[in-house]
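1. this is a predicted model, with the sequence first.
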Amino acid sequence: MDAVKRYFRSPAAVTGLVLLLIVVAMALSASWFYPREPLALAGRPLIWPFSNPRFLLGTDNSGRDIAAQILYGARISLLIGGVATAIAIAIGILIGAFAGYYGGWVDNVLMRITEAFQTLPNFVLLLVLVAVFGSTLTTVTIAVGVVSWPAPARLTRAEFLSLRNREFVQAGRTLGMRDIQLILGEILPNALPPIIVYASVIMAVAILLESALAFLRLSDPNVASWGNLIGLGRDVLRVQWYVSAIPGIAILVTVLAVSLVGQGLNDALNPRLKGR
Amino acid sequence: MRILRLAGRRLAASIPTLALILIGVFLLLQFAPGDTVDAMMAQMGGGDAATAKELRKFYGLDLSIPAQLGNYLWRLIRLDLGFSSIYGKPVASVILERLPPTILLMTASLSFAFFFGIVFGVIAARGVNKWPDTVISILGLIFYATPSFWFGLMAIVVFSIYLQWLPAGGFENIGELQTGIGRTLDIARHLVLPTLTLGLIFLAIYLRIMRASMLEVLNLDYVRTARAKGLDETRVVIRHVLRNALLPMVTLIGLQAGTMLGGSVVVESVFSLPGLGRLAYESVVQRDLNTLLGIVFVSALLVISVNFAVDLVYARLDPRISAEG
């Protein structure tokens, strides 16, 4: 309960939470405000924002409602960010737990693989994965998750290394618990808090990675994504710069919200490290 | 000498990593739809199955996958990265042509982020929890959350379209042939916006780490001793605190080298710079898998060499590292 109180005492953390709730509300209310398909033609192309009450944020190059795309884009960004983060954390915990718990050659082999993934620039690996498996929503989400796991794996490994010989683990071992029980039931719950906090960093990066991919037109073109819209707006940047500007602000706000919440959680859970 | 041996050992340890990456990506690319010959046939405007078979035999693509992998690795040892059918020349020379803009861009961005990261980090740490600290920390958070390609586009709108101060893209003016200092200045002008764009997120990271590391070092006993000795604050910060506070920053350069290379893919596309990142993007779009594999190899090599350099600098900054071995 103390942690919750500490969280709400930090203005930055509260701001982050409010922003995040707004983005979530945008995602949830998308089909309520705009029951029509967001990528359908809605009106004249390139209407400036605030000039026509029917299109609050104007329309893009081909006459699609920007406001509708922003709301539906929140769904895509949160979906890709959330699922990719879950994938990255799951792989990271699996690899990190085995490496940290068993040590020895298992650790050696797994850490070599992690190092290989870290040596290869993650955006380059993302390009390779998209080149091989194509760019649908599913493949892009999985690809973003697959390039993001090394950091949580290292974190999990470090936690496991420091926990695996504590008394409570040895007690479990004396009771005859199997390795898998010790890993999942005893060590993991204690190793989890820093990993959960780190998830916010992964989610922020995942959202940025997907939007960069979409901007390069290598993500799924059939969904309303903020990155896609920025890429489209690039063709009319000279005069109608608002087509690119608006979705960029949406990305900025979302990533900012996720990082602020992560930072707030971190400060709330580790009060002694506050301000660092 | 000790430092060199230590860094050399780390370098040798990265060879298996490099092999692992290459084998992994090579096998991965086997799943890609279409191979080099398909790309070539498309380039030639189609052809019959017999020609395709002939070509596959010529390029050794009719062999089993392990045999192809063996061939590839053996050619790689002789620094032969294969042939790019799209560009019509060896992959190695395509990559070499594209390497200088990327290295220039990365060096410039890194210097920008590193220098201003130190300056802002020190200012924030000196006035911790006062208004300069708050402003810098908020700016840092916003920079961190800004998508680089979006920042680049907005910078083009402001500085190239409205103010017309800087060029919107390209590496140099092709219209007028320039040499010497004129050409250098021209390239520098073209690189201002890309450098800011790529460096922004790293500036955010560096200033945050610098601030934290300054705060940590400022509380150590030897700093109090230096102050008690009667040294003025500037001297304490520059001579005593900075050097120790720099260590995490240097570590970060090694950790971020890959991220920066990845970021240059996007930034080079925004500013149409003829660099390695843009080549990576083009080879994905054009399905030039040989070139893509070559880029994977070269970028891994770049990351490894940056880390090697970081090891050397690190040992120089902190003598304890080379002493302990």
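-> Structure's in. What do you need? The model shown is predicted, which means the values in this text are computed figures rather than measured ones.
2. name the nearest residue to the residue in chain B positioned nearest to chain A, ignoring sequence neighbours.
-> Chain B approaches chain A most closely through residue B:262 (2.8 Å), counting by C-beta to the nearest C-beta. Where you see a C-beta, it was placed from the backbone N, CA and C, and this is true even at glycine. Nearest-residue entry for residue B:262: residue A:123, 2.8 Å, with adjacent residues in sequence omitted and distances by C-beta to C-beta, 6 or more residues apart in numbering or on different chains.
3. in which helix or strand does residue B:243 reside?
-> Following DSSP states H and E, one finds residue B:243 within helix B:242-270.
4. what's the next secondary structure element after that helix?
-> Downstream of helix B:242-270, the first helix or strand assigned by DSSP H and E is helix B:276-285.
5. could you give the angle of the helix or strand just after that following helix to helix B:242-270?
-> With elements assigned by DSSP H and E, the helix or strand that comes after helix B:276-285 is helix B:289-317. Angle of helix B:289-317 versus helix B:242-270, following axes from the mean of the first three to the mean of the last three C-alpha atoms, to 10 degrees, is 160 degrees.
6. is chain A contacted by helix B:289-317?
-> Yes: contact of helix B:289-317 with chain A (C-beta under 8 Å from any C-beta of the partner chain) involves B:289, B:292, B:295, B:296, B:299, B:300, B:303, B:304.
7. who are the contact partners of the third one?
-> It stands for residue B:295. Contacts for residue B:295 (C-beta atoms under 8 Å, 6 or more residues apart in numbering or on different chains) come out as A:124, B:95, B:276, B:279, B:280, B:283.
8. cool, the fourth one as well?
-> By C-beta under 8 Å, 6+ apart, the contact set of residue B:296 is A:120, A:124, A:125, A:128, B:21, B:22, B:25.
9. count of neighbours near the residue of chain B closest to chain A?
-> Using other C-beta atoms under 10 Å in any protein chain shown, residue B:262 has 23 neighbouring residues.
10. do I have it right that it meets residue A:121?
-> Yes: using C-beta atoms under 8 Å as the test, residue B:262 is close enough to residue A:121 to be in contact (3.9 Å).
11. the stretch 101-250 of chain B against chain A: which residues are in contact?
-> For the stretch 101-250 of chain B, the residues in contact with chain A (C-beta under 8 Å from any C-beta) are B:128-129, B:141-142, B:144-151, B:153-154, B:156-157, B:161, B:212, B:215-216.
12. try it again at 7 Å.
-> Within the stretch 101-250 of chain B, the positions near chain A by C-beta under 7 Å from any C-beta of the partner chain are B:141-142, B:144-147, B:149-150, B:153-154, B:156-157, B:161, B:212, B:215.
13. and the residue of chain B closest to chain A, what pLDDT?
-> We have a pLDDT of 88 for residue B:262.
14. residues in contact with it?
-> A:121, A:122, A:123, A:124 (C-beta atoms under 7 Å, 6 or more residues apart in numbering or on different chains).
15. mind putting the residues you listed into a markdown table with secondary structure and pLDDT?
-> Formatted as a markdown table, those follow (DSSP: H, G, I helix; E, B strand; the rest coil; pLDDT from 0 to 100):
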| residue | secondary structure | pLDDT |
| --- | --- | --- |
| A:121 | coil | 88 |
| A:122 | helix | 87 |
| A:123 | helix | 90 |
| A:124 | helix | 90 |
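16. output those as CSV; include the columns neighbour count.
-> Formatted as CSV, the contacts of residue B:262 follow (neighbours: other C-beta atoms under 10 Å in any protein chain shown):
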residue, neighbour count
A:121, 27
A:122, 21
A:123, 26
A:124, 28
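17. please identify which pair of those lies farthest apart.
-> Greatest spacing in those, by C-beta to C-beta: A:122 and A:124 (7.3 Å).
18. what's the burial count for the residue nearest to residue B:195 when sequence neighbours are not counted?
-> Distances taken as C-beta to C-beta, 6+ apart place residue B:108 nearest to residue B:195, at 4.3 Å, with adjacent residues excluded. Look at residue B:108: counted by other C-beta under 10 Å, it has 18 neighbours.
19. low-confidence stretches in chain B?
-> Applying pLDDT under 70 to chain B flags residues B:1-2, B:35-36, B:39, B:43, B:46, B:174-178, B:321-325.
20. now the helices: where do they sit in it?
-> Secondary structure of chain B (DSSP state H): helices located at B:2-29, B:36-44, B:49-58, B:65-77, B:91-126, B:131-145, B:148-155, B:180-218, B:221-228, B:233-235, B:242-270, B:276-285, B:289-317, B:319-324.
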